[in-house]
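Student: here is my input; please provide its structure:
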Amino acid sequence: MNNQTLEKLRQMRFLGMHDAFKTSLENTLKEQMTQDQFIFHLVSSEWDNRRNRAIKRATKLAAFRYTAFLEEIDYSFERGLDRNQVERLAGLDFIKDNKNIFITGPTGTGKSYLATALGNKACQDGYKVFYANTAKLMSSLKIAKVKGTILNEFKRIERVDLLILDDFAMQAFDSQSRGIMMDIIEDRHQKKSTMITSQVPVKDWYDAIGEKTVADAILDRLVHDSLRVELIGESIRKRKSKNENSYL
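Tutor: Predicted coordinates for the structure are as follows:
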């Protein structure tokens, strides 16, 4: 009977419950619990298994460039990073409120790491996230437009709760990229959150986007009621290298 139960659990894809029940048959765990406690143990095991699989799946679909966690952020370097602000952002209320976040600062100050860490936290909390280098995303969407699949790509991007655009405005937008970016921002405006990292100050995004009418429309939708993290200072990598060399 136990073997039949295990097989049915496996076929129903109750994998957490399957493993917990199988383990209980191999030790005395079941005998140490009341019936209610054992049922709670099985259900909790299934719950944890499904949650872990969902997080793993969401993280994979997010396509993060880095592996980053909020708990591993280094606050020892002076770069204008406020721990209290990061902890507030970690609550992810900005996603619930459909607000945008801008993370700006010089190269190497940890913009992409912070964005990825927040994105990773969003995956753990059950949100759909998509990370992309802005220039590469524009290139792939141009190809999709030629192939006739761009509407499907727009729908995929529109569905995610948090879109992370890394290295925004590093390259000037051409007319096609401006149109694509306008469509993305319009679809998400006041519906979903967009997080942008950039070495270029927000005041200079207008010139990078180009074409007054489109730039006005994009920035009006992005900037309104946005949250900002402005990092300063020299590259962390350079500072770490200097510190290491000073001990040689």
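Student: make it CA atoms for all contacts and neighbour counts henceforth
Tutor: OK.
Student: under the pLDDT cut-off, which ranges of this structure? List them.
Tutor: 236-248 (pLDDT under 70).
Student: would you list every one of the helices in it?
Tutor: Secondary structure of the chain by DSSP state H: the helices cover 2-11, 15-26, 35-62, 83-90, 93-96, 111-124, 134-147, 150-159, 175-188, 205-209, 212-223, 236-246.
Student: dump these into a markdown table; add mean neighbour count as well.
Tutor: Listed next are the helices of the chain as a markdown table, based on neighbours: other CA atoms under 10 Å:
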| stretch | mean neighbour count |
| --- | --- |
| helix 2-11 | 13 |
| helix 15-26 | 17 |
| helix 35-62 | 16 |
| helix 83-90 | 13 |
| helix 93-96 | 16 |
| helix 111-124 | 23 |
| helix 134-147 | 15 |
| helix 150-159 | 15 |
| helix 175-188 | 17 |
| helix 205-209 | 17 |
| helix 212-223 | 15 |
| helix 236-246 | 12 |
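Student: I'd like the ones you listed as a markdown table, with distance to Thr194 appended.
Tutor: Converted to a markdown table, the helices of the chain look like this (distance: least, CA to CA, whole Å):
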| stretch | distance to Thr194 |
| --- | --- |
| helix 2-11 | 39 |
| helix 15-26 | 34 |
| helix 35-62 | 13 |
| helix 83-90 | 13 |
| helix 93-96 | 9 |
| helix 111-124 | 11 |
| helix 134-147 | 12 |
| helix 150-159 | 10 |
| helix 175-188 | 8 |
| helix 205-209 | 15 |
| helix 212-223 | 8 |
| helix 236-246 | 26 |
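Student: looking at those, which is closest to Met195?
Tutor: helix 111-124 (7.3 Å; CA to CA).
Student: quick one: Leu118 from Arg83, how far?
Tutor: According to CA to CA, to the nearest Å, Leu118 and Arg83 sit 13 Å apart.
Student: quick one, domains of the chain?
Tutor: As recorded under automatic domain parsing, the domains making up the chain are 2-57, 70-238.
Student: of these, which is nearest Ala63?
Tutor: For Ala63, the closest of the domains of the chain is domain 70-238, at 5.8 Å, according to CA to CA.
Student: in this protein, which residue is most central in space?
Tutor: In the chain, the centroid-proximal residue (CA atoms, centre = their mean) is Gly119; its distance is 2.3 Å.
Student: compute the distance between the closest residue to that one other than its chain neighbours and Val214, please.
Tutor: Once flanking residues are discounted, Gly119 sits nearest to Val129: 6.5 Å by CA to CA, 6 or more residues apart in numbering. Per CA to CA, Val129 is found 26 Å from Val214.
Student: what's the burial count for Ala63?
Tutor: Applying other CA atoms under 10 Å, we find 12 residues neighbouring Ala63.
Student: which residues does it contact?
Tutor: Ala63 sits next to 130-132 when contact means CA atoms under 8 Å, 6 or more residues apart in numbering.
Student: swap in Gly80?
Tutor: Contacts of Gly80 (CA under 8 Å, 6+ apart): 230-233.
Student: and the buried ones among the residues you listed, selectable in PyMOL?
Tutor: Listed next is the PyMOL selection for buried residues among the contacts of Gly80, using 16 or more other CA atoms under 10 Å:
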select buried, resi 230+231+232
